[in-house]
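# take a look and give me a structure for this.
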Amino acid sequence: MALAAVAAGCSTSNPTAAVPKVEAGSTVGPSALGVNVAAWDSIYGDVDVTSINGLLQAAGVRLMRYSGGSWADEYDWSSNTDTSKCAGTVTTACEASDPLGFDEFSAHARSAGASTFITVNYGSGTPSQAAAWITHASASKADAVALWEVGNETYSCYETNHHLAGNPTFVKGYLPGGSVCPSTAVMARSYAVNVLPYLAAMKKASPSAKIGVPWAFSSNQAQGAGVDDAPLWNAKVLHAVKGEVSFVDAHWYPFDTVSGLTVQEILQSTERIPAAAAQIRTTLHRELPGAAFVVGETNISERPTVFDFEPVSALFAAATSLTWLAQGAESVDWWDLNNFGSPANGDYGLVSSGSPETEAAGAPLPPYYGEQLASMLTASSSHVEAVDTGSPTMLGFESDLGQVRHVLLVNTGSTEAAVASDRWFASGTQLRQTAYSAATAGSTNPLVRSAVMAGRSEGLAGESIVVLSGNARA
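Numbers count the residues shown, from 1 in each chain. Prediction:
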């Protein structure tokens with residue numbers, strides 16, 4: 001996760017090259033929805049893993065990213081230790097063991113029917129350490145990895161990044177989150193040189209490995225993960241790694257400060273996504289033709305927020321995931337599975353970490369239900385697109401697979417709204433309806449299922465999600 005990755009100011013640069021257009025929507029693959037899991041996550045190892053995996057399967061989570069955002073740049077997979085508590089010179093004396101090692105994580109992911117996405121340690125690690133990880137994972141189908149990434153948010157001053165002190169930048173006095181914060185130009189110059197030995201070693205270990213690098217957003221795009229001169233970072237880095245990587249990883253935190261935000265403002269952040277996705281496609285078309293992009297982390301903010309305990313986070317999760325998928329993202333991964341927060345101070349989790357959260361460890365939090373409803377539209381090979389609902393307060397998404405159609409509607413307003421379902425289904429046909437709202441959020445099972453007839457005006461409660469399912473209209 002981005003640990004306050006915002007740099008002062010922002011870039012207002014816009015792409016001038018022709019934008020490679022996305023057709024009306026996008027066909028999704030087998031790993032459309034994902035979640036981040038950290039090496040420090042004791043809940044996923046100690047609580048009933050079978051129960052949590054059952055929830056993940058029910059929510060269509062088919063990709064797990066490890067080893068924990070910024071933690072990845074302090075984590076040694078071979079010893080399952082991290083250096084987060086080390087000050088100054090790193091020695092074995094200050095390393096600490098983590099509760100969830102790679103092999104155990106892989107076993108849990110396989111049990112959940114999920115593929116894995118690994119971020120190797122660029123910040124305090126070495127190319128040989130990364131290559132050894134790939135060799136180890138390649139030796140067993142149980143540890144097989146779908147995607148690899150070199151470093152987490154390496155454009156951020158808050159990320160561990162010992163390479164800055166060496167060639168070619170020789171930055172003095174840098175510490176993660178410290179007073180010395182190099183410019184994006186310096187960060188990009190350092191990464192563009194020092195990532196190459198990682199890529200060479202990893203490709204030698206496995207020529208078929210799919211490897212990616214971080215994508216940077218400007219602050220006017222994603223306030224919670226934005227940096228100065230983001231286009232400079234992207235152009236410099238992608239030009240350097242041309243031909244060596246398969247994808248870029250974009251982290252989408254639309255807000256930094258959440259104080260005073262309304263539900264409507266949070267959900268309106270999805271309106272920024274098409275332009276942000278267009279910029280990614282344009283840059284990839286120019287620098288890395290054929291490369292894909294993933295959204296490796298997303299939440300309302302990079303800071304813990306109480307909104308993640310409220311119904312709006314379910315609406316945000318569903319709308320954000322489907323908007324990015326409709327814009328061509330190969331996966332969208334929630335930050336994160338467990339985050340040990342509290343209703344008073346905020347959280348990020350898909351499921352509860354237990355006390356001081358009011359729910360038992362492993363119990364679903366509101367974002368979980370948003371992902372579960374979104375997953376009704378993300379079966380592999382489904383065609384997902386945003387649709388016009390005819391209402392200014394309602395977001396809409398459609399998914400077709402064969403003759404089956406699912407339509408997900410999000411009422412962003414605080415009062416009931418109506419929509420005519422015969423926009424998508426033949427009038428008079430029977431539909432299955434699954435609904436979640438602020439009114440049902442406190443229930444043991446907040447998803448309400450019923451049968452309705454297409455053609456009637458469907459009423460959506462304020463701050464709610466409804467999924468309509470049936471045969472596609474001819």
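# list the contacts of the closest residue to Asp48 other than its chain neighbours.
Sequence neighbours aside, Gly362 is the residue nearest to Asp48 in space, at 6.4 Å (criterion: Cβ to Cβ, 6 or more residues apart in numbering). Using the backbone N, CA and C atoms, a C-beta is placed for each residue, glycine as well. Residues near Gly362 by Cβ atoms under 8 Å, 6 or more residues apart in numbering: 43, 47-48, 51-52, 55, 351-352, 354.
# and which of those is nearest to Asn80?
Asn80 lies nearest to Ile43 out of the contacts of Gly362, by Cβ to Cβ, at 16.7 Å.
# am I right that that closest one is in contact with Leu350?
No - the criterion here is Cβ atoms under 8 Å, and Ile43 misses it with Leu350 at 11.1 Å.
# any residues in contact with both of those two?
Common contact partners of Ile43 and Leu350 (Cβ under 8 Å, 6+ apart): 337-338.
# what residues go with each domain of the chain?
As assigned by automatic domain parsing, the chain contains the domains 27-382, 387-471.
# could you export the ones you listed as TSV, including mean pLDDT?
Putting the domains of the chain into TSV (pLDDT from 0 to 100) gives the following:
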stretch	mean pLDDT
domain 27-382	94
domain 387-471	93
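# give me whichever of those domains is most buried.
domain 27-382 (a mean of 21; mean count of other Cβ atoms under 10 Å).
# tell me where the stretch 1-150 of the chain has helices.
Ranges of helices within the stretch 1-150 of the chain are 42-46, 49-58, 102-111, 127-138, based on DSSP state H, counting those that start in this stretch.
# so which of these is nearest Ser437?
In terms of Cβ to Cβ, the element of the helices of the stretch 1-150 of the chain nearest to Ser437 is helix 49-58, at 19.4 Å.
# off-centre distance for that closest one?
19 Å (Cα atoms, centre = their mean, to the nearest Å).
# could I have that helix exported to CSV, CA atoms only?
This file holds the C-alpha atoms of helix 49-58, laid out as CSV (Å, rounded to 0.1, in the frame of the first residue of the first chain):
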residue,chain,number,x,y,z
VAL,A,49,-8.3,-20.3,6.4
THR,A,50,-10.9,-22.6,4.9
SER,A,51,-13.6,-20.1,5.9
ILE,A,52,-11.8,-17.1,4.5
ASN,A,53,-11.0,-18.9,1.3
GLY,A,54,-14.7,-19.8,1.0
LEU,A,55,-15.5,-16.1,1.2
LEU,A,56,-12.9,-15.2,-1.4
GLN,A,57,-14.2,-17.9,-3.8
ALA,A,58,-17.8,-16.6,-3.3
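# ok so, going back, of all the helices of the stretch 1-150 of the chain, which one is nearest Gly212?
helix 127-138 (13.0 Å).
# just to revisit the earlier point, which stretch among the helices of the stretch 1-150 of the chain comes nearest Thr92?
Per Cβ to Cβ, nearest to Thr92 of these: helix 127-138, 14.6 Å.
# what's in contact with the closest one?
76-78, 102, 106, 118, 120-122, 143-145, 148, 150, 197-198, 200-202, 204-206, 209.
# of these, which belong to strands?
Among the contacts of helix 127-138, the ones falling in strands (DSSP state E) are 76, 118, 120, 148, 150.
# quick one: end-to-end distance for stretch 37-56.
From its first residue to its last, stretch 37-56 covers 12 Å (Cα to Cα, to the nearest Å).
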